[in-house]
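[1] coordinates only, no sequence provided:
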């Protein structure tokens, strides 16, 4: 999969084009901006890894290790509800969701789950700073849920806008 690297934090070879699934954070960016994010993430104790197939000089890194507690309000209830239409999972919060009340699911996620935020940050040759977020709920390491949700129920946060993703990336890197 990915290989951990600590250095160099100053890659110099931009991607030739924007790959699918990436969101443009800013145009007319620079290597300096990418380097400042990577160095800040390293200082914040985040894990920086290469993408599969990239060299150390490729301007793309995965930033891992940031999690957001009490993020139950960010769950995309409609996607969870659509997944439950295929099969019923017996959990009080999910049964409440099917009856139209998202509150118990949000409370369950707030109490025992964290939103894990990983980002793939890159710079293209067109000077676009791009990001691909990987956001998912996982049981909290510090306060695991009393009654965990079934593992086969996909828990996804709602879709975020560019400014919201930048804020999450800044926080993950210790800049915000």
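    Structure received. Computed from a predicted model, the values in this text were never measured in an experiment.

[2] which ones are touching residue 173?
    Listed by Cβ atoms under 8 Å, 6 or more residues apart in numbering, the contact partners of residue 173 are 37, 40, 41, 44, 46, 63. From N, CA and C alone the C-beta is placed, and that goes for glycine too.

[3] return a PyMOL selection command for the buried portion of those.
    To isolate the buried ones among the contacts of residue 173 in PyMOL, judged by 16 or more other Cβ atoms under 10 Å, type:
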select buried, resi 37+40+41+46+63
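
[4] narrow the contacts of residue 173 to those in strands?
    Applying DSSP state E to the contacts of residue 173, the entries found in strands are residue 63.

[5] so which elements touch the longest helix anywhere in the chain?
    If you go by DSSP state H, the chain has its longest helix at helix 31-43. Helix 31-43 is packed against strand 47-50, strand 60-69, strand 113-123, with contacts defined by 3 or more Cβ pairs under 8 Å, 6 or more residues apart in numbering; DSSP states H and E.

[6] which one of the ones you listed lies closest to residue 33?
    strand 113-123 (7.8 Å; Cβ to Cβ).
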